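> Sequence and predicted structure are below.
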Amino acid sequence: MKKSFIFSLVICLILINQLEAQKGTLLKKVGNSMANELLGRKEKPAPEPEPASACAQPDVIMDLGGKYKLNYKEVNISVTNDGRVLVQDRETGKYYVIQGTVTTGPFSKDDPTVAEFESVNDGDKTIEGFIFRNKPYISKSGDKLLITFGGKTYGPYALINSFVVSKTKEKFAAFVVESILTTEADGKKMEKAMENAKTDQEKMDLAMQYAQQMQEKLVNAGGISNTQPKLVTNIPGVTLDPLTAIGGTLNGKVKYDDILLVAYNKVIDLQGKTVLTLKPEVVGGGQLFISTDNTKYAVFDYVKLTFSDKTALPDLFNPYLTKVDGKIYLAYMYYSPKKNSIMQCKVLF
């Protein structure tokens, strides 16, 4: 009985000590919380987690908390076709330009560096808009167009339906028409003459007259072949039949330093060979990238990069192909809450 009593007493003392210790800890926490509230102090919130697109050894592209002191939630980011990034600080109205891993700025809105990012709207279908978007390669020669590339001149052409340059700016390809039988102005002139004709005989005479004029233009153009679209390029060995290109678009961005023809669900090289077939779920899904060996591809849709093996990387921007130490990579950028920086990852591609 005595031993049992002593054992019970020891257990009670241990429990009392534990309760007192927990009470002290709880009071300390409550006291600290009340002190913080009374003094106006707030506990620092935990940083947001890194996005799933983060990699093990990223490059720091722009430190927003260091030299520049920018709030990521208050910046606008736009990207050019050549991979440059324009960052606008909405709070100050200043601009910064990122090229590779080098950041320059701040610039004002009217600075020539910022103006370089402005372009004619793609919806501008005028000849002037087409020339502006493709300067310095396209220029006017009378009522026709010239292509100047690598010190050589191609043309003149009555129409240039498509013109693209490779990422290294060493190659170009274009669909052109050397001569056209009738212009828009000719068509309007003929329509007006037909409307003013008073009799069926006058209309018949006008039709015969215009048919004769078109026949003469066809002869002067060198035959029907010169009125059909043809591929012009400085790439040697190209044998693409324009009929193969029907429904496809020339593209100089899908593969590093190459120009391919992107059709609805496949990619064709300039020899007319299908190099890659796209899965139905990615057809028309966004910006396309093709690996060096043509075995895989990736599609960028707004903020997500999806690879052909169904691997998906969310919360990123500005994917582009680049060459480092002789190897081709698919690079992309993301925001790191932990480092408060714009970071860049590179995937061997």
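Done, it's in. Every value quoted in this text rests on a predicted model; they were computed, and no experiment measured them.

> what's the burial count for Ala174?
Number of residues near Ala174 (other Cβ atoms under 10 Å) recorded here: 26. No exception for glycine: its C-beta is placed from N, CA and C like everyone else's.

> what helices or strands is the helix or strand where it lies leaning on?
Element membership for Ala174 (DSSP states H and E) is strand 172-177. Applying 3 or more Cβ pairs under 8 Å, 6 or more residues apart in numbering; DSSP states H and E, one finds that strand 172-177 makes contact with strand 144-149, strand 152-157, strand 159-165, strand 230-233, strand 249-251.

> Can you list the strands that the first one pairs with?
If I follow you right, that is strand 144-149. Sheet pairing of strand 144-149 (DSSP bridges) gives strand 138-141 (antiparallel), strand 152-157 (antiparallel).

> Check the shortest one too.
Note on strand 249-251: by DSSP bridges, its sheet partners are strand 260-262 (antiparallel).

> What mean pLDDT does the partner strand get?
Across strand 260-262, the average pLDDT comes to 89.

> residue contacts, Ser78?
With Cβ atoms under 8 Å, 6 or more residues apart in numbering as the criterion, the residues that contact Ser78 are 85-86, 88, 117.

> burial measure for the closest residue to Thr168 other than its chain neighbours, as a count.
Leaving aside its sequence neighbours, Thr168 sits nearest to Asp257 (Cβ to Cβ, 6 or more residues apart in numbering; 4.7 Å). Using other Cβ under 10 Å, Asp257 has 15 other residues around it.

> for the protein, which spans come out with low pLDDT?
For the chain, residues meeting the criterion pLDDT under 70 lie at 1-47, 81-83, 118-125, 181-190, 193-194, 205-206, 209-227, 242, 244-246, 281-285.

> could you pull out the helices for it?
Assigned by DSSP state H, the helices in the chain fall at 2-39, 112-115, 127-133, 184-196, 200-220.

> so what's Pro106 up against?
With Cβ under 8 Å, 6+ apart, Pro106 has these contacts: 68, 89, 92, 94-96.

> which two from those end up farthest apart in space?
Using Cβ to Cβ, the pair of the contacts of Pro106 lying farthest apart is Tyr68 and Tyr95, separated by 11.4 Å.

> ok, the two, which is more surrounded?
Using other Cβ under 10 Å as the criterion, Tyr68 and Tyr95 rank with Tyr95 on top: 22 against 17.

> Need the nearest residue in space to that one, chain neighbours excluded.
Phe107 (4.5 Å).

> follow-up on the earlier one: return the distance of the strand holding Ala174 from the chain's centre.
Computed by Cα atoms, centre = their mean, to the nearest Å, the separation of strand 172-177 from the middle of its chain amounts to 22 Å.
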